[in-house]
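>>> Structure of the sequence below:
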Amino acid sequence: LRVLLRIDIVFRQLFFDKGFPSELDIPAGPGVGGRRRGGQVAKFSTRFNMRRALAVVLGSKLAKGLGLATTAGLTLALGACESAPKGPVVLTPEERAAQVPAQAEAWNKLGYRVQWRGFATLLPGETVANFQALDDVLVTQGSMSGVTVTEVNSGQRRWSDQVGSPLIRFYAAQRDGKRLIVPSEAEVYFFDIETGSLVDKQSLAEVASTAPAQAGDILVFGTTSNVVLGHNKRNGYRAWGVLMNAPTETAPVMLADTGVVGMVSRRGDIAFANAATGTSVGRAQIFDGTTVPVASSESAMFIASRDFSLYGYSNEGTQLWRIRTEAELRWAPTYHDKRVYCDLGSDGLTCVDAATGKIVWNNAGVAGRVIAVSKGRLLTFDGSSATLVDPKDGSVVQRVLLDEVRFLVPDKFVDGTLYAVSSNGVISKLTLRP
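Take a look at the predicted model:
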């Protein structure tokens, strides 16, 4: 009994009292984790618990050294294993679905029905970082570089992969014909959208700080330096650069089909350039930058600035109008049908004439961003609730609370299909009721 007690004390001192590392994570790269098609939550990482392995080995050795039976030593060691803390639990799709309510009644009030529920592949401990509806596929990006491509019609996974290291920052994926573009801060990955095969990988000349705007063969990135980078995806080299007064924190935006790209720096430097050549079209300066996406029309860009203002600027750099607010703006503006919609803080959702800056209406009871138009009504989402708003006067038509919805994404702005995505990768396809 004294011998067993002594072994127990040694084990506690070695593995519990001295803070011995509980786990060594060995993340599998694209060539290790492999590509997955369907099945359960993919285990892209090999998780090797040092504490448990050493407990088994040393327990057996100590027991033998003290003349105890091997079985007794292993029993003691395994007992120590059971008390060791475990890593993140890998949940099955059914277990993840149980954590996210279907909320059929709430969707019904908004005029939608749940067609199917699908599941993105996630690493243990990973959450959803980005979600895009790209024609016939849905792309879910995880916080640890996982990518899942899902079939729109069935909700089944077409393929999934871990693109790179979990330490690398990735940005929203885009489609380029039959290729899926997955940009990171240092490289751009090109996958065959049908099979998931890596087609190309290109290095960037600058460290990207935003997702790119796409114009033909050019990807336009904001960067951590004072340069907006035009990257040629055909040859993989730098095409041009536009010098700004500070790094860029919000993604550049294309002005419809004009071939002009607009950008705003952290310190409020505004630039418009030809996306193909980088030639300057217009410049302007405001008092501060923005932390939310900008909106655009065919000839203008709309900026919710940190300087307590909502701006409209023409693509020549001319200020069209400015609306001052009482606080910094937290929600991105949306442009649709000659109107700009933006949550202006205490004034709530506000409708602005895009040409003149005249306020058409506002509703202090509605917050968030306009994400779609559903049967002639505006649909807003603020992270916890969705609201249908009459575009004529801003009155609330319907409002529902939504549990466990991180992303609410339409496949097109007017009367499209909605996709509700939870943090743990449950995807719900919502179609309009007749």
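>>> got the contact list for the residue lying closest to Phe287 once chain neighbours are set aside?
Leaving aside its sequence neighbours, Phe287 sits nearest to Asp307 (Cβ to Cβ, 6 or more residues apart in numbering; 3.9 Å). Where you see a C-beta, it was placed from the backbone N, CA and C, and this is true even at glycine. Taking Cβ atoms under 8 Å, 6 or more residues apart in numbering as the contact definition, Asp307 lies against Gly268, Ile286, Phe287, Asp288.
>>> ok, which pair from the residues you listed is furthest apart?
The largest separation in the contacts of Asp307, counting by Cβ to Cβ, is between Ile286 and Asp288 at 6.7 Å.
>>> Name the nearest residue to Arg96, sequence neighbours excluded.
Among residues not flanking Arg96 along the chain, Asn424 sits closest, at 5.0 Å (Cβ to Cβ, 6+ apart).
>>> Contact partners for the one you found?
Asn424 sits in contact with Leu91, Arg96, Gln99, Val100, Leu122, Thr127, Val128, Glu404, where contact means Cβ under 8 Å, 6+ apart.
>>> how about 10 Å then?
Counting by Cβ atoms under 10 Å, 6 or more residues apart in numbering, Asn424 touches 41, 91, 95-97, 99-100, 119-120, 122, 126-128, 404, 406.
>>> So which of those are in strands?
Judged by DSSP state E, the contacts of Asn424 include Phe119, Val128 as members of strands.
>>> Give me the buried subset of the contacts of Asn424.
Buried members of those, scored by 16 or more other Cβ atoms under 10 Å, are Val41, Leu91, Arg96, Ala97, Val100, Phe119, Ala120, Leu122, Glu126, Val128, Arg406.
>>> and Ser346, that one's in a helix?
Yes: counting by DSSP: H, G, I helix; E, B strand; the rest coil, Ser346 is located in a helix.
>>> Can you get me a residue count around Gly111?
By other Cβ atoms under 10 Å, 18 other residues sit near Gly111.
>>> isn't it right next to Val373, touching?
No: proximity of Gly111 to Val373 does not meet the contact threshold set by Cβ atoms under 10 Å, at 11.8 Å.
>>> Overlap of the contact sets of those two?
Shared contacts of Gly111 and Val373 (Cβ under 10 Å, 6+ apart): Leu379.
>>> What segments of the stretch 101-250 of the chain are helices?
For the stretch 101-250 of the chain, the helices defined by DSSP state H, counting those that start in this stretch occupy 104-109.
>>> hang on, the earlier thing: overlap in contacts of Ile286 and Asp288?
Val264, Ser265, Arg267, Gly268, Ser305, Arg306, Asp307, Ser309.
>>> Widest-spaced pair of the residues you listed?
So, the shared contacts of Ile286 and Asp288 by Cβ to Cβ: farthest apart are Ser265 and Ser309, at 15.9 Å.
>>> When those two are compared, which one has more neighbours?
Taking neighbours as other Cβ under 10 Å, Ser265 and Ser309 compare with Ser265 leading, 25 against 19.
>>> Tell me who's in contact with the more buried one.
The neighbourhood of Ser265, defined by Cβ under 10 Å, 6+ apart, consists of 222, 226, 228, 242-250, 271, 285-286, 288-290.
>>> And Thr290, by the same measure?
By Cβ under 10 Å, 6+ apart, Thr290 lies in contact with 249-250, 264-266, 268, 303-307, 309, 311, 328-329, 332-333.
>>> Could you tell me how far stretch 193-213 lies from the centre of the chain?
15 Å (Cα atoms, centre = their mean, to the nearest Å).
>>> What's the mean pLDDT across that stretch?
The pLDDT scores in stretch 193-213 average 98.
>>> do stretch 327-336 as well
Rounded mean pLDDT across stretch 327-336 is 96.
>>> Dump the buried ones among the contacts of Asn424 to CSV, plus distance to Thr380 and pLDDT.
Listed next are the buried ones among the contacts of Asn424 as CSV, based on distance: Cβ to Cβ, whole Å; pLDDT from 0 to 100:
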residue, distance to Thr380, pLDDT
Val41, 33, 41
Leu91, 31, 84
Arg96, 27, 93
Ala97, 27, 91
Val100, 21, 95
Phe119, 27, 97
Ala120, 25, 97
Leu122, 28, 94
Glu126, 29, 95
Val128, 21, 98
Arg406, 16, 97
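>>> which stretches of the stretch 101-250 of the chain aren't confidently modelled?
By pLDDT under 70, the stretch 101-250 of the chain has no low-scoring segment.
>>> Please enumerate the strands of it.
Taking DSSP state E, counting those that start in this stretch as the test, the strands found in the stretch 101-250 of the chain are 112-119, 128-134, 137-142, 146-151, 157-162, 174-176, 179-183, 187-192, 198-203, 213-215, 218-222, 227-232, 237-243.
>>> now, of these, which is deepest in the fold?
The highest mean neighbour count among the strands of the stretch 101-250 of the chain, using mean count of other Cβ atoms under 10 Å, belongs to strand 218-222: a mean of 26.
>>> helices and strands around it, which ones?
Counting contacts by 3 or more Cβ pairs under 10 Å, 6 or more residues apart in numbering; DSSP states H and E, strand 218-222 is packed against strand 179-183, strand 213-215, strand 227-232, strand 237-243, strand 260-264.
>>> Can you select the buried ones from the contacts of Ser265 in ChimeraX?
In ChimeraX, this line selects whichever of those come out buried by 16+ other Cβ under 10 Å:
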select :222,226,228,242,244,247,248,249,250,271,286,288,289,290
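>>> quick one: which of the strands of the stretch 101-250 of the chain is nearest Ser299?
Ranking those by proximity to Ser299 (Cβ to Cβ) places strand 213-215 first, at 16.1 Å.
>>> What is the distance between that closest one and the centre of its chain?
18 Å.
>>> got it, and stretch 245-255?
Its chain's C-alpha centre and that of stretch 245-255 lie 18 Å apart, by Cα atoms, centre = their mean.
>>> Please consider this matter closed, and thank you.
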